[in-house]
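[1] sharing a sequence plus its predicted fold:
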Amino acid sequence: MHLQLPSSLKGMTKLDRDQFTQVVTVPFVNVPVECIQTAKWKNALLTLHLFKNVRDLDPTSKTHKQVLFDPDVIKSKEDVINAVPSITKYAEESFDFTPITLTYANYSIEQVIKAILPDDLGKDKPINTGSGYSLIGHIAHFNLKDAVLPYKHIIAQVVLDKLSNVKTVVNKLHEIDSVYRNFELEIIAGEPNTIVKCRESKATFQFDFAKVYWNPRLSTERERIVNILHRDDFIFDVFAGVGPFVVPAAMLGCTVYGNDINPESVKWMTVNLKANHSKKSRNEYHVFNLDGREFLRTIAFPRIESYQQEVKGDDEKKWCLSSNKIVILMNLPDIALTFLDVVSEWLSSSIDGSEQWILPVHIHCYTFSKADNREEDIRTRLKSILPNVNDNQITCRFVRQVAPNKDMMCVRIVLFDNKKNEEENPTKRFKQDSSE
Ligand SMILES: C[S@@+](CC[C@H](N)C(=O)[O-])C[C@H]1O[C@@H](n2cnc3c(N)ncnc32)[C@H](O)[C@@H]1O
C-alpha cells in the first residue's frame, strides 16, 4: 500500500512517534475461516509492517474473519471478485470499507525516514542519501552524506526502534585512509560499545569495529575463497585483519599463518582462531604482527620451502595425487600488488630445484582498477612487478564494484603447478557500493 504520511513530519529532527498515527480507510470482506487458507489472494491483501490483514470479525464470531485489502489494488467489489474469484459469494455479501489506525510501529525504517527527510534529500533512496547501512553484530553502520547529518540522531533512533538486534548506531566520519583500514566512527545512538560478535563462513568473530577493518560486503568473496580450500592446504594471509579467511580455513583443517600490521587486528585474530578451533583438530595456526613484506620474506617463503621438502619426504605420491596447495592471500586492494615485488625477488633468487616442488602456490591478490579494460590494466601493472611470471599463470576476476567507475578485482597467480588444478568459478557481479 502506498502510504501518504502526514506532511507535518517533514523536517522533524526530534522523534515524536505520536505524530505518525493516522486513520486510513481500507476495503474488507468477511470470509469463513476455512476459505482463508485455500483462497489465492495474489497481491490483493493489505501488507503493512507489523499489521495483521486477517483479523477477528468480532469477539462473538468464530466462523468468519475480516480480510483487509490493499486499497491501491482493490477499489470495488468487482476488483475483489476478479482478484480472488473463490470468495465471490462473500464479497457480494459483505464487501465494504473500514477505518484502521496506523501507528509508528506500522511503518518500515525506510517509510519513516522518507517521511521525515525533506523531499530534496534523496526522494527515492531516503537512507541511501549516504550509502546505505550495514549490520555488523549489534552495530548498524551508516555512511551519511553531509546534507543528511542534521537528521542523523533521528535516523539512528528509528533504526534502534525498529531493529531489535541493533544496540548501537554509528556513522563513518571519513573515507578510510589509515594504514589499518579502520573507519573513524561517531556513535550516533545507543550503547557506546563497538566490540561486536558476528558470524561468517560458519565461524564466529569478535572484534572492536572502531579499531580494525571489517566489511560485511566482502563476505561472499571471502566465502568463495574458503570454498576452494582443502583440508591440509597451507594458508598464508599477508593482510589477515581479524581472520575472516584464516579462521574458516583453520576450521577446515588447513595450517594457517595470519599476519597483520595492526596489533588490534592480531589480538582479535588470535581470539577468533582460538574460539573457533576444535581441540581435536591437529592442524596448526600461527599469528604474526609484521609488515606484509617482512612476513612474506621471513615467515611465508622459508615455510613454503620447508613444506615442499617435508611433503617430498612424507608420502610423496599421496601429495602428488591430492589437490592440496599453498595459498597466499593478499587483501589490501589499494597497494597489495606492489608487495608482489618480494615474490619476484624470491622467484629469481632463492628457489633451487623448484621444478620438483609438489605443492603448487596460488596467490590471490586483490586490487582496484578504474581502466576501461580492467584485466589489461592489471596485467600491465603486474608485468613490471613480476616480470618472471608468464601471462598464462595469471587470471583476473571481477569481485565487486566499489564506486561508479572503480572495481575490486582478484588476481590469481599460480606458481609451480605441475598438476591440473580446479578452475575458479566464472565472474559473478555484485551490487555496487562505496564502502571502501
Ligand atoms: C582491507 S583489510 C583486509 C582484512 C581481511 N583480510 C578482511 O578481508 O577483512 C587490510 C588489512 O591489512 C592490514 N595492513 C595494512 N598495511 C599492512 C602492511 N603493510 N602489512 C601488513 N598488514 C597491513 C590492515 O591493518 C588491514 O587489517
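    Noted; the coordinates are in hand. Numbers count the residues shown, from 1 in each chain.
[2] so what's Gly190 closest to, chain neighbours aside?
    Thr168 (4.1 Å; Cβ to Cβ, 6 or more residues apart in numbering). For the C-beta atoms, the positions are set from N, CA and C on the backbone; glycine is no exception.
[3] which residues does the one you found contact?
    The contact partners of Thr168, taken as Cβ atoms under 8 Å, 6 or more residues apart in numbering, are His138, Ile139, Ala140, Ile187, Ala189, Gly190, Glu191, Pro192, Asn193, Thr194.
[4] wait, is the third one part of a strand?
    Looking back up the chat, that one is Ala140. Yes - assessed by DSSP: H, G, I helix; E, B strand; the rest coil, Ala140 belongs to a strand.
[5] which strand residues bridge it?
    Bridge pairing for Ala140 (DSSP bridges) gives the partners Leu135, Val169.
[6] same deal with the fifth one?
    For Ala189, the residues forming beta bridges with it (DSSP bridges) are Val169.
[7] tell me the confidence at it?
    Ala189 is assigned 95 on the pLDDT scale.
[8] residues touching it, list them.
    Ala189 neighbours (Cβ under 8 Å, 6+ apart): His153, Ala156, Gln157, Val159, Leu160, Thr168, Val169.
[9] do the same with the last one
    By Cβ under 8 Å, 6+ apart, the residues touching Thr194 are Ile139, Thr168, Val170, Leu185, Ile187, Asp208, Phe209, Ala210, Lys211.
[10] tell me which stretches of the stretch 51-200 of the chain form strands.
    54-56, 64-68, 96-102, 133-136, 139-142, 168-172, 185-190, 195-200 (DSSP state E, counting those that start in this stretch).
[11] other residues contacting the fifth one?
    With contact meaning Cβ under 8 Å, 6+ apart, strand 139-142 is reached by 127, 130, 133-135, 152, 155-156, 159, 163, 166-172, 183, 185, 188, 194, 196, 209.
[12] pLDDT below threshold where in the stretch 301-436 of the chain?
    For the stretch 301-436 of the chain, the stretches with pLDDT under 70 are 350-353, 418-436.
[13] can you list the residues of it near the ligand?
    Asn331, Leu332 (Cβ under 6 Å from any ligand atom).
[14] which of the contacts of Thr194 lies closest to Leu296?
    Closest approach to Leu296 among the contacts of Thr194 (Cβ to Cβ): Lys211, at 24.7 Å.
[15] mind checking pLDDT for that closest one?
    In this model, Lys211 carries a pLDDT of 94.
[16] follow-up on the earlier one: relative to the ligand, which of the contacts of Thr194 is nearest.
    The ligand has its nearest neighbour among those in Lys211, at 9.9 Å by Cβ to the nearest ligand atom.
[17] in the contacts of Thr168, find the pair that's most separated.
    Farthest pair in those, by Cβ to Cβ: Ala140 and Pro192, 14.3 Å.
[18] which of those two has more residues huddled nearby?
    Shown here are Ala140 and Pro192; by other Cβ atoms under 10 Å, Ala140 has more neighbours (25 against 8).
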